[in-house]
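Undergrad: What follows is a predicted structure for the sequence shown.
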Amino acid sequence: MSKPIVATTSLAGCFGCHMSFLDIDERILDLIELVEFNKSPIDDIKTFTKKCDIGIIEGGCCNSENVHVLQEFRKNCKTLVVIGECAIMGGLPALRNNVAPISECLEEAYLNCVSVQANDEKIIPNDDELPMILDKVYPCHEVVKIDYFIPGCAPRADLIWNALVALVTGNEMELPYEVIKYD
Ligand code: SF4
């Protein structure tokens, strides 16, 4: 019988949610038995080669490339799961939403910040190849429909594991206290 196919990506996040996913330790051997991976930084497959059953998203959308990738995931995955606060609420990258217009954020980051060095020409990156920065950081559900939300920063490995196993097997998800506490 063919295995369910899983894809994952990191948008505007820190990769901590993927690191937490890998914290399932030796269960990674069970995972390989349970699912097949497609597009993911875990296997370094960069583009979808087939339709997937489950897409797992870390991070929100801070630029046009994030939006494009998220829309590709919605198109290619039957079920979309967001993991972590960045994907659910924008998280740390979304702190800029309440500080200043994007133009002021860029000036501070590239021109005025005390730690800016080696930018003698005072240039804000503007190469055509760069994705367009959005006016604010958007949580994933404001861009596409999301089916499931796994909270935490990062969600515990056990929580990600339990959720994935429940989705793949169709069994009820186990949520013992130790798995969902956030202290
Ligand atoms: S939710 Fe936390 S761990 Fe996950 S990408 Fe955001 S900052 Fe990193």
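TA: Alright, I've got the coordinates.

Undergrad: what about D30, neighbour count?
TA: 12 (other C-beta atoms under 10 Å). Placement of C-beta: from N, CA and C, glycine included.

Undergrad: Check S20 too.
TA: 22.

Undergrad: hang on, isn't it packed against D158?
TA: No - taking contacts as C-beta atoms under 8 Å, S20 lies outside contact range of D158: 9.6 Å.

Undergrad: Flag every residue of this protein that's near the ligand.
TA: Selection of the chain residues close to the ligand by C-beta under 6 Å from any ligand atom yields 13-14, 16-17, 58-59, 84-86, 91-92, 153-154.

Undergrad: and the closest residue to V35 other than its chain neighbours, what does it touch?
TA: Nearest non-adjacent residue to V35, counting by C-beta to C-beta, 6 or more residues apart in numbering: V6, 4.7 Å away. If you count contacts by C-beta atoms under 8 Å, 6 or more residues apart in numbering, V6 has them with 35-38, 40, 52-56, 164.

Undergrad: I'd like the list of those residues that fall within helices, please.
TA: In helices, judged by DSSP state H, the following of the contacts of V6 are found: L164.

Undergrad: Let me have the contacts of V6 in a markdown table, adding neighbour count and pLDDT as columns.
TA: As requested, those are exported to a markdown table (neighbours: other C-beta atoms under 10 Å; pLDDT from 0 to 100):
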| residue | neighbour count | pLDDT |
| --- | --- | --- |
| V35 | 19 | 96 |
| E36 | 14 | 96 |
| F37 | 17 | 96 |
| N38 | 22 | 97 |
| S40 | 19 | 97 |
| C52 | 25 | 98 |
| D53 | 18 | 97 |
| I54 | 22 | 97 |
| G55 | 29 | 98 |
| I56 | 29 | 98 |
| L164 | 23 | 94 |
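
Undergrad: which of the residues of the chain next to the ligand are buried?
TA: Buried by 16 or more other C-beta atoms under 10 Å: 13-14, 16-17, 58-59, 84-86, 91, 153-154, out of the residues of the chain next to the ligand.

Undergrad: Touching stretch 109-118 from outside, list them.
TA: Against stretch 109-118 from outside (C-beta under 8 Å, 6+ apart): 119, 122-125.

Undergrad: please redo it, this time with the cut-off set to 10 Å
TA: When contacts are defined by C-beta atoms under 10 Å, 6 or more residues apart in numbering, stretch 109-118 is touched by residues 96, 104, 107-108, 119, 122-125.
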